[in-house]
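> Turn this into a model:
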Amino acid sequence: MFLGEEGDGVEKKIRVLVAKLGLDGHDRGAKVVAKAYRDAGMEVIYTGLNKTPEQVAEAAIQEDVDVIGVSILSGAHNTLVPKLINLMKDRGITDVVYVVGGIIPNEDVPRLQAAGVAGVFGPGTKTNAIISFTQKAVEGRKTV
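As a prediction, the model looks like this:
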């Protein structure tokens, strides 16, 4: 969690949207991470399966999230994740932290980072590492 704007002393929970992009029907990992975020005191919105980048962007805007966590196992990460980030930028949303988890080859990580992804987490990553990374990334972009 981080302090409210302008140091008003009010704690604001980090809002995380956990999304499953594309034709990826395996959501166990996404649900595990969503539960870990919730257990860490964050507000979590889960999109469910088979969402388009447009649907995820719309949900993120409506929910006013701080973080979008994309879980993707289909191999379409190099197409769908940058498209999502560009849709958000096109709508003027530039302060969201993006994290991606799933089957992401090491050689694809730099491309995702260049598109705006802050963190990429593969199979076996401990949830406490994801939580810690996310908290630091959100706090790093907030001004108090």
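> which parts of the host helix or strand of residue 61 are buried?
Take DSSP states H and E as the rule and residue 61 turns out to sit in helix 53-63. Within helix 53-63, the residues scored as buried using 16 or more other CB atoms under 10 Å are 53, 56, 57, 59, 60, 61. For glycine as for every other residue, the C-beta is placed from the backbone atoms N, C-alpha and C.
> Make JSON lines from those residues and add distance to residue 126 and pLDDT to it.
Listed next are those as JSON lines, based on distance: CB to CB, whole Å; pLDDT from 0 to 100:
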{"residue": "53", "distance to residue 126": "28", "pLDDT": "98"}
{"residue": "56", "distance to residue 126": "25", "pLDDT": "98"}
{"residue": "57", "distance to residue 126": "29", "pLDDT": "98"}
{"residue": "59", "distance to residue 126": "27", "pLDDT": "98"}
{"residue": "60", "distance to residue 126": "25", "pLDDT": "98"}
{"residue": "61", "distance to residue 126": "31", "pLDDT": "97"}
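> Dump those to a markdown table, plus distance to residue 33.
Shown next, in a markdown table, are these (distance: CB to CB, whole Å):
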| residue | distance to residue 33 |
| --- | --- |
| 53 | 19 |
| 56 | 15 |
| 57 | 20 |
| 59 | 17 |
| 60 | 16 |
| 61 | 21 |
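> and of those residues, the nearest to residue 29?
residue 56 (16.7 Å; CB to CB).
> residue contacts, the closest one?
17, 19, 21, 47, 68, 70, 84 (CB atoms under 8 Å, 6 or more residues apart in numbering).
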